[in-house]
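[1] Fold the following and give me the result.
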Amino acid sequence: MLLIHQLPPKPDYSRVKVWRRLQALGAVAIKNSVYVLPGNEQTREDFQWLQKEIESLGGEATVCEARFVDGLSDEQLHGLFRAARDSDYVQIADEARELLELPAAPERRDELRHSLRRLQKRLAQVEALDYFGAQGRAAVTSLLRRLEAALADGTAPAAGGRLDQYRERTWVTRRDIRVDRMACAWLIRRAIDPQARFRFVEEADYRPEEGELGFDMASAEFTHEGDRCSFETLLQRFGLEEPALLAIGEIIHDLDLKDGKYGRDETAGIAALLAGIGSDGSDMERLERSAIVFDALRTGLSR
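    Have a look, this model is predicted:
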């Protein structure tokens, strides 16, 4: 279903008003002033009401059903919708993670509950517009459940101290693992979930299954946060403070983010080793070979 419209250049608020309405419907732009929704009776009605609103603002609008015979494929269109919803999910996830960082002190409990309800309401709104199953939904749902559980039992919402909930799980990340993902998988096995199973996926096609935990993906539960790489996020979220692990985190940070923040002497050598490991072999083979490097590095840094 397409909405093709044109608005007069002034007043500016007309354009803002229409843009907000389109966002509220979950429509995505395929060209300037050309927006698309999945075709059904409800979306047809939504676009027709918006058409009347545009015309009342002095603009022109046409609503039509369309079948693309060239250019965008159906899968590409679906990808646009999923990307838009994933962006919404990431925003909610970022806010949820900020709340999980806060101490669940009694005097803040009401404030946290209010924030949780607001995020739950926002999630429900986004889910209603998630026409093609964006992958970010599962991670957000998991984060909000963690926050809800923490508020219910009065415990701090951080992952640390509740490792039993993260044991014997399937951990999912992107295929073709490199530095940060190699390091994360090693850390998970050594310090979080010794019986962890790993699955490597194409991120664009990934649909989370029940009980899976994602890492180092855009909408994963454990991923980049602020200026932290995913390895550092795992250290922080699970309260891992062993000096050798923190030092490895500094090395991985510089290799992954390339900002030279820590400048450790070991970084160049580890970069060469991991580049060699990442040049061939399956993801599981890379995981196992890199684990030998990280085990040795941990031992060396512990002396």
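
[2] how far does stretch 2-13 sit from the chain's center?
    33 Å (C-alpha atoms, centre = their mean, to the nearest Å).

[3] cool, and stretch 75-88?
    With C-alpha atoms, centre = their mean, you get 13 Å for stretch 75-88.

[4] can you check stretch 94-113 too?
    20 Å.

[5] Check which residues of it are buried.
    For stretch 94-113, a neighbour-count test (16 or more other C-beta atoms under 10 Å) marks 95-97, 99-100, 104, 112 as buried. C-beta: built from backbone N, CA, C; applies to glycine.

[6] and the residues you listed, which two are the farthest apart?
    Glu95 and Ala104 (16.0 Å; C-beta to C-beta).

[7] which of the buried residues of stretch 94-113 lies closest to Arg137?
    For the buried residues of stretch 94-113, the nearest to Arg137 is Ala96 (12.7 Å; C-beta to C-beta).

[8] what helix or strand does that closest one sit in?
    Assigned by DSSP states H and E, Ala96 falls within helix 74-101.

[9] Give me the buried positions along that helix.
    77, 79, 81-82, 84-86, 88-90, 92-93, 95-97, 99-100.

[10] average pLDDT across whichever helix or strand comes after it?
    Sequence order places helix 109-128 as the next helix or strand after helix 74-101, per DSSP H and E. For helix 109-128, mean pLDDT rounds to 87.

[11] Any idea how far the helix holding Ala96 is from the middle of the chain?
    6 Å.

[12] counting contacts, what elements does that helix pack onto?
    Packing partners of helix 74-101 (3 or more C-beta pairs under 8 Å, 6 or more residues apart in numbering; DSSP states H and E): strand 28-31, helix 109-128, helix 136-153.

[13] That helix versus helix 109-128: what angle between them?
    180 degrees (axes from the mean of the first three to the mean of the last three C-alpha atoms, to 10 degrees).

[14] Ala247: which of the buried residues of stretch 94-113 is nearest?
    Arg97 (24.4 Å).

[15] With Glu225 as the reference, measure out to the closest one.
    6 Å (C-beta to C-beta, to the nearest Å).

[16] so what's in contact with these two at the same time?
    Residues touching both Arg97 and Glu225 (C-beta atoms under 8 Å, 6 or more residues apart in numbering): there are none.

[17] And stretch 245-256, what's buried?
    So, applying 16+ other C-beta under 10 Å, buried residues of stretch 245-256: 245, 247-256.

[18] do stretch 110-124 as well
    Quick answer for stretch 110-124 (16+ other C-beta under 10 Å): 112, 115-116, 119-120, 122-123.
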